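Participant: Sequence plus predicted model, see below.
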Amino acid sequence: MTEPRLVGVVAILVTSVLWGTTGTAATLAPTVGPLAIGSAALGIGGLLQAAIALPCLHAARAALRARLGMVILGAVSVAIYPLAFYTSMHLAGVAVGSVVSLASAPLASGLLERVIDRRTLSRWWMLAAGSGVIGSVMLCVAKLDGPAASAAGTVSGILLGLLAGATYALYSWVARRLMEDGVSRGASMGAVFGLGGLLLLPVLVITGAPLIASSQAFAVAAYMALVPMFLGYVLFGIGLTRVSASTATTITIAEPAVATLLAVIIVGERLTVLGWAGLGVIGLVLVLLALAPATAPPRKPRSGLPLRGSMTG
């Protein structure tokens, strides 16, 4: 595997580890609702992304203006994702909500690249994505000792999880597409996540009072905004310049595995043999993605110019 692709895989894997801490962190603020947690985490994190990218945004303003529709599509997806993701976990349980959201994302990403970009997906990726879904389902089934309060809540949580997976795949694809079209990483991530953060601010204003009700809740919100979301998405953007969106979303299947390990180590939860087997399958997926060759051809640029930073993975 080429060194740039390895850097991309490692960057997104570290992102997955950071994202995997959010479930444990959220348990430290039980009085804060999922909408407040989601809007604070990605809303503030997104605005910080834009703040550090101001010079890049200024330099790329003409290119971004020409692709305004795509930027808006990505930003709306950024705004919907955390609200759907955290509410899904609230309604269906952490295990079901996180697994449905994250296991559906690589499939949605693959579909976007296949249908819109007309990119032939690597057999290695298809093997990894399928195995990742199986491993995630095994992990989910092993952790179903705390089900949602009602069947309606579970179904609603699953549907919101699918929405979260779709929007996660969509904003990842938009950011990658902007980079392929020559927009710098900083400008692509800053525009999509900054505008998405602005869209989340009204939700934060309406629901965020519990975040400042105690120092502990405030600390949890600050941690989630600065570390998993801000730092995590900086690394995610670095990864997207080196691997495809479908590969990136497949790697982040590691997130529920990390969350499970933290629950076992820190919270003291127990994991069944099936759960450990699911973790093993997810580990195998990461090895496949790290070592497998990138066989899919790159998308042809619509302008006829070479793609900047374009490579499949």
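Facilitator: Now that the structure is in, tell me what you want to look at. Numbers count the residues shown, from 1 in each chain.
Participant: Where does pLDDT dip in the stretch 101-250 of the chain?
Facilitator: Scanning the stretch 101-250 of the chain for pLDDT under 70 picks out 121, 140, 142-150.
Participant: Pretty sure residue 168 sits against residue 103.
Facilitator: No - if you go by CB atoms under 8 Å, residue 168 and residue 103 don't touch, sitting 11.1 Å apart. Any C-beta I mention is one placed from the backbone N, CA and C, and that applies to glycine too.
Participant: Show me how far stretch 165-177 is from its chain's centre.
Facilitator: The chain centroid and the centroid of stretch 165-177 are separated by 9 Å, computed with CA atoms, centre = their mean, to the nearest Å.
Participant: Could you do stretch 155-171 as well?
Facilitator: Mean-position distance between stretch 155-171 and its chain equals 11 Å (CA atoms, centre = their mean).
Participant: So between residue 168 and residue 103, which is more surrounded?
Facilitator: Each of residue 168 and residue 103 has its neighbours counted (other CB atoms under 10 Å); residue 168 has more, 28 against 25.
Participant: Output the contacting helices and strands for the helix or strand that contains that one.
Facilitator: Following DSSP states H and E, one finds residue 168 within helix 151-180. Where contact means 3 or more CB pairs under 8 Å, 6 or more residues apart in numbering; DSSP states H and E, helix 151-180 is packed against helix 68-92, helix 94-115, helix 185-207, helix 232-240, helix 245-251.
Participant: Just send the ones you listed back as a markdown table, with distance to residue 7 too.
Facilitator: Formatted as a markdown table, the helices and strands packed on helix 151-180 follow (distance: least, CB to CB, whole Å):
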| stretch | distance to residue 7 |
| --- | --- |
| helix 68-92 | 23 |
| helix 94-115 | 20 |
| helix 185-207 | 13 |
| helix 232-240 | 7 |
| helix 245-251 | 13 |
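Participant: Just name the most buried of those.
Facilitator: Burial of those is given as mean neighbour count (mean count of other CB atoms under 10 Å); helix 245-251 ranks first at a mean of 30.
Participant: wait, isn't residue 83 in contact with residue 206?
Facilitator: No - applying CB under 8 Å as the test, residue 83 and residue 206 come out as separate, 11.7 Å apart.
Participant: chain center to stretch 49-59, what's the gap?
Facilitator: Its chain's average C-alpha position is 21 Å from that of stretch 49-59, according to CA atoms, centre = their mean.
Participant: And for stretch 230-238?
Facilitator: With CA atoms, centre = their mean, you get 10 Å for stretch 230-238.
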